[in-house]
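Participant: Generate a structure from the sequence data that follows.
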Amino acid sequence: HGLTLSETHRDLSFCAHTILSPDILQVPDATQDDRFADNDLVTGPPLIRFYAGAPLISGDGFPLGTLAVIDGEPRRLLAEQLDSLRILARQVMAQLELRRSALQKQGRMATAEADQRSTAERHGAILDAALDAIVSMDAQGRVTEFNPAAERLFGYSRGEAIGSVMADLIIPPESREQHSRGLARHLRTGEAVLLGRRVDVTAMRRDGTRFPAELSILRVGHGDPPVFSGFIRDISDRVRAARDLQESQERHRAQRIALNRLIQDDRLYQGDLQGALRQITETVAVTLQVARVSIWRSVADRLILRALDVYELPADRHTEDTEVSSAAVAAYIEAIGQMKIVATSDARADPRTSGYVDGVVVPGITSLMHAGIHVDGALHGVLCVEHAGTPREWTPEDQTFTVAVANLVSLALEGRRRKEAQEALVAQAEVLTAVSESLAAYVERGDFKAAFSRLLRCALSLTGSEYGFVGVLADGPVLRVLAHEGIVWDTAVNRQF
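Facilitator: As a prediction, this is how the structure comes out:
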């Protein structure tokens, strides 16, 4: 953005240095840096002065590129800007890995389709017919041919099928009357609704199980009485693949909408940490349809994991402040630190997560997906997604969504930290103002009561208290009140203390 260059030679590239760096490379003023002072991009257009680049590291630990920002004026990024650049670099890497996964999937599908076409071309129509079940019947609907593929598909031997009413063997009961009417209409009028066409139907095996099938019916010859041959193919795999693809697309769309909704939530950036985390855990649980989502933070010098929020979808309930010793889940913490995400379908058998299951997980949880939460470039906590019931295989889309949400949690923690810093600055400014005004009251006017009152009002404001006083001990156990706010107190009267 902002440059007409689409590529640069590595000898001239700032990014060649960034990609070898474990963290952000920041060049406040390129003209003052011996590595870049005589670089053509510095001495000539676009006259680069400031540069900051974050390396893009793959899940395998390989540097692939950089996310870089440049400017024509020298400057230095603040700590929070550096953290934001790290978070954005991790998100760029997550999107690159999602794209790689999609391209690999497309490649596998293209290879499979090419293999299918090649097989069809090599074996031709004869092999196609041999792979299909072929069932022939006469004008009375009785079976006259039942090939080996039909025997395997439907479970009847050829001897059992020949002479039987075809509809009673392979057509579900609720569809038999429609089949009989269609056959009678064709024999009476010659009308051919299905002849010569490929249609999807429901067929039935000997044991009564039903399956989706592709059917093509031909009239053999033109004599009377007619004979019909049906070519039947089990398309269960195709139907299942289409259904899985549609469900995957719907899940991905729901995840994209959920992520956009979370990104637009102002609580992420305004310091409302509890509100932001509750919205995040609920959204993830509903979007991924899991039993429990929790966010944990390292405290006490990382000796303890404390739950900032735990949301249980079945009960629609939030809890917090649960704690677990880091030592009890040491292998789990190590795995999170080494990998961007830990996803397992069998959490109890997986050595990376078995300690977490024993120490934290509620009964019934079978599959886990956990992503690290990073602050200042270090592991600061974990986003935990927990599935109950039949073990679940996490898709690449599920994992990319979870990593993206973990990055949003990092933003929420950063927002809270910025708010606390701002509140501290406001409090400090209020104290300094109170001290200044009290000194002015005492030094300039000699009004010590006004000076004490000003300091007392500052203390009440900072602590959120309703009333208070300033008093000193005098004449033994007697409290002399020098100033008071919010209460009626006769300062001329000493109080026993």
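Participant: in the stretch 101-250 of the chain, which spans are strands?
Facilitator: 133-138, 143-146, 198-204, 210-220, 227-234 (DSSP state E, counting those that start in this stretch).
Participant: Run me through the strand neighbours of the first one, direction for each.
Facilitator: Each strand paired with strand 133-138, and its direction, by DSSP bridges: strand 143-146 (antiparallel), strand 227-234 (antiparallel).
Participant: Quick one, which of these gets closest to Asp38.
Facilitator: Smallest distance to Asp38 across the strands paired with strand 133-138 (Cβ to Cβ): 70.4 Å, for strand 227-234. To be clear about C-beta, it is placed using only N, CA and C from the backbone, and glycine gets the same treatment.
Participant: Give me the below-cutoff pLDDT ranges for the stretch 201-350 of the chain.
Facilitator: Scanning the stretch 201-350 of the chain for pLDDT under 70 picks out the ranges 221, 223, 271, 299-304, 321, 325-332.
Participant: again, 80 this time
Facilitator: For the stretch 201-350 of the chain, applying pLDDT under 80 flags the ranges 220-224, 267-272, 298-305, 321-340.
Participant: returning to that earlier point: to Phe62, which of the strands paired with strand 133-138 lies closest?
Facilitator: Across these, the minimum distance to Phe62, taken as Cβ to Cβ, is reached by strand 227-234, at 43.8 Å.
Participant: tilt between that closest one and strand 210-220?
Facilitator: Using axes from the mean of the first three to the mean of the last three Cα atoms, to 10 degrees, the inter-axis angle of strand 227-234 relative to strand 210-220 is 150 degrees.
Participant: which residues sit against strand 227-234?
Facilitator: Applying Cβ atoms under 8 Å, 6 or more residues apart in numbering, the external contacts of strand 227-234 come out as 129, 131-139, 144-145, 150, 153, 170, 203, 211-221.
Participant: still on that earlier bit, out of the strands of the stretch 101-250 of the chain, which gets nearest to Arg317?
Facilitator: It's strand 210-220; of these, that one is closest to Arg317 (Cβ to Cβ) at 41.3 Å.
Participant: buried sites along that closest one?
Facilitator: Neighbour counts over strand 210-220 (16 or more other Cβ atoms under 10 Å) mark Pro212, Ala213, Glu214, Leu215, Ser216, Ile217 as buried.
Participant: residue boundaries of the helices in the stretch 1-150 of the chain?
Facilitator: With DSSP state H, counting those that start in this stretch as the criterion, the stretch 1-150 of the chain has helices at 15-18, 40-43, 79-131, 148-154.
Participant: picking up where we left off before, reformat the strands paired with strand 133-138 as JSON lines; add distance to Thr463 and mean neighbour count.
Facilitator: Formatted as JSON lines, the strands paired with strand 133-138 follow (distance: least, Cβ to Cβ, whole Å; neighbours: other Cβ atoms under 10 Å):
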{"stretch": "strand 143-146", "distance to Thr463": "91", "mean neighbour count": "20"}
{"stretch": "strand 227-234", "distance to Thr463": "76", "mean neighbour count": "19"}
